[in-house]
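build me a model:
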Amino acid sequence: MSKLTDNIITSKLGWLWLIIALVMINLAASVLHTRIDLTKEKRYTLSGATSSLLGNLNGPVEIDVFLKGEFPSGFRKLANSTQEFLQLMKDRNGSNIQYRFVSPQEKIPGSDVMFGDSLVNMGAVPINLTVQKDAGQSSNIIFPVAVMRYNGRQALVNLYPGASGRISQEEINSAEALMEYQFAKTLDNLSQNRQPIIGYAVGNGEPTNYKAWDLSQTLSKGYDFRMFDLQNFPAIPDSMGLLMIVKPITQFTEQEKLKIDQYMMRGGKLLCFMDALIAEQDSLSFKPETIAYDRNLNLTDLFFRYGLRVNPDLIMDLQCDMIPLVVGGTADNPQMEFLRWNYYPLFSPGTGQIMSKIPGYIGSRFANSIDTIQVPGIKKTVLLASSAHSRTISTPALISFNENRNTPEDAKFNKNGIPVAMMLEGKFTSLYRNRASQAQRDSLAAVGVDFRGEGTEPGKIIVVGDGDIVLNDMLPGENGNPPQPLPMGWNRYTYRESERQTDAGRYFVPVANREFLQTCVEYLVNNPAISETRNKDIVLRLLDSQKVKENRVMWQFLNIGLPVILVIIAGFIFQYIRKRKYIA
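From the prediction side, this is the model:
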């Protein structure tokens, strides 16, 4: 082999053949691009669902990534990871995937409008980032988002789940793990000929005022969000991708329950946020205590048949939000302090695959616990649960401000993981099997719906024991400004404090209620295979800082000095062999 190589090199055309071979190899490498992913979590491998989605594209996909500029190392790493992932997509379908990185401060071609202003109108949330420079600090508004355009439509892709410039390596790691899911979910939505229909049930006192503003705004992006009156429609159509029931306050009739039941028998999707007790913060505005009692919504038997029960109790948790309470002073000059309010639990997302990527806590108010019932063939998954320091109180429950003026007795808060949100999956059995009247059957047959005593298609149900989780407060206006709606789940008192940061040393925990709602809806409505890409996890392997500090000189030598020494030794050996071979 070495003799053949020597003959090629020493021949007159040897170097020419070598150059031609190198050119051919480079041309082949530019066309046939491949790689071997040796990472344990397959970081650089697209899932089967994403690959199939990219392979079925019938037109170009244009992606603008707004991560161009001077960023700290965390966002630079996010930008690099985004470019690597987009290159993976381009390798899968190079003719249809086009991407570029754009600065939000640049102007849209042919317009005086900057990209950043256009992104705000699309619903992007900017981050005010402080960048350290040689001349001092400078403030920079960044948008960790991308805009994807396909089939004449466009949508935002969120690349960073946080809302603060004080980023951590864990948050960047989580953003990288969710990147495939974010891009695949957006592309799948743009590929659909029509948006999935989400029906918001009304007719039983469900809120339709300002309290549901954020819910409506959130679900109107990417879905066909409609109001659906259970009383006026003869049946729930099969075209309904999801039926939502949010904090009803009046009883459901048997006819309404029959409509819901038969919708589930045909493989329907149901998302319920229920308050089993009448317990409102407004009731404490006029007196320091109130009694919480059963709403009697007439849904207990329906949920019981499917496999769960919303209990008429209240969860109290030491992991909770705060409210301002009067702790002293006079009537004219009261002394106010923020105290823990155990009736406002902060739930950690479940450790399972569905909710594990949600950042932050889920804020609630007067939440009810949920029990499960053994039903064959039904899979049950806990989505939200209380902390290890919680308890329940049964109805009739006395709620009093005086409870929080003193330190809670920790010994009473000894329950761990009380379920407050549950998902059921499978083929359900009808509540009206063997008991549906002829009049009920006739009412369904009149609109072309056959009564079914057993589920013929698998359905999904998510029930949450708190209706306020997806509702929002209003922030009172100041200086002549009108009131502003808050994000869902935020406490109007702690939200204002977290904005101003006036209370030194106190940390107000941000809530992720909107992300919780989006995750529930996406799992129920979207392509299940794409939803599974959300489970992708990237292990953060950090160096031991103490060992790095102790062995710093050794590692510097191994990484810098040793390669130089090896090159020098190899040079001496080569020269020694060459002298012995050619010098007699």
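
please enumerate the strands of the stretch 251-400 of the chain.
Under the criterion DSSP state E, counting those that start in this stretch, the stretch 251-400 of the chain contains strands at 269-273, 277-278, 289-294, 308-310, 313-317, 320-329, 334-349, 362-363, 370-372, 379-385, 390-394, 397-400.

output those as JSON lines; include the columns mean neighbour count and mean pLDDT.
Glycine gets a C-beta too; all of them are placed from N, C-alpha and C. Shown next, in JSON lines, are these (neighbours: other Cβ atoms under 10 Å; pLDDT from 0 to 100):
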{"stretch": "strand 269-273", "mean neighbour count": "23", "mean pLDDT": "97"}
{"stretch": "strand 277-278", "mean neighbour count": "20", "mean pLDDT": "90"}
{"stretch": "strand 289-294", "mean neighbour count": "16", "mean pLDDT": "86"}
{"stretch": "strand 308-310", "mean neighbour count": "23", "mean pLDDT": "95"}
{"stretch": "strand 313-317", "mean neighbour count": "25", "mean pLDDT": "93"}
{"stretch": "strand 320-329", "mean neighbour count": "17", "mean pLDDT": "79"}
{"stretch": "strand 334-349", "mean neighbour count": "19", "mean pLDDT": "84"}
{"stretch": "strand 362-363", "mean neighbour count": "26", "mean pLDDT": "92"}
{"stretch": "strand 370-372", "mean neighbour count": "17", "mean pLDDT": "95"}
{"stretch": "strand 379-385", "mean neighbour count": "20", "mean pLDDT": "93"}
{"stretch": "strand 390-394", "mean neighbour count": "18", "mean pLDDT": "91"}
{"stretch": "strand 397-400", "mean neighbour count": "16", "mean pLDDT": "83"}
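
surely residue 242 is in a strand?
Yes. Residue 242: assigned to a strand according to DSSP: H, G, I helix; E, B strand; the rest coil.

quick one, what contacts it?
196, 197, 198, 199, 269, 270, 271, 521, 524, 525 (Cβ atoms under 8 Å, 6 or more residues apart in numbering).

output the strand or helix carrying the third one in CSV, but only the C-alpha positions, please.
Assessed by DSSP states H and E, residue 198 sits inside strand 197-202. Extracted as CSV, the C-alpha positions of strand 197-202 are listed here (Å, rounded to 0.1, in the frame of the first residue of the first chain):
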residue,chain,number,x,y,z
ILE,A,197,-61.9,23.8,17.4
ILE,A,198,-62.0,24.4,21.2
GLY,A,199,-65.5,24.9,22.6
TYR,A,200,-65.8,27.0,25.8
ALA,A,201,-69.0,25.8,27.5
VAL,A,202,-71.4,28.5,28.6
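
that one vs strand 269-273, what angle?
Strand 197-202 and strand 269-273 are oriented at 40 degrees to each other (axes from the mean of the first three to the mean of the last three Cα atoms, to 10 degrees).

I'd like the average pLDDT over strand 197-202.
For strand 197-202, mean pLDDT is 96.

show me what that strand pairs with in its sheet, parallel or antiparallel.
strand 224-229 (parallel), strand 240-246 (parallel) (DSSP bridges).

hmm, residue 61 and residue 96 touching each other?
Yes. Using Cβ atoms under 8 Å, residue 96 makes contact with residue 61 at a distance of 5.7 Å.
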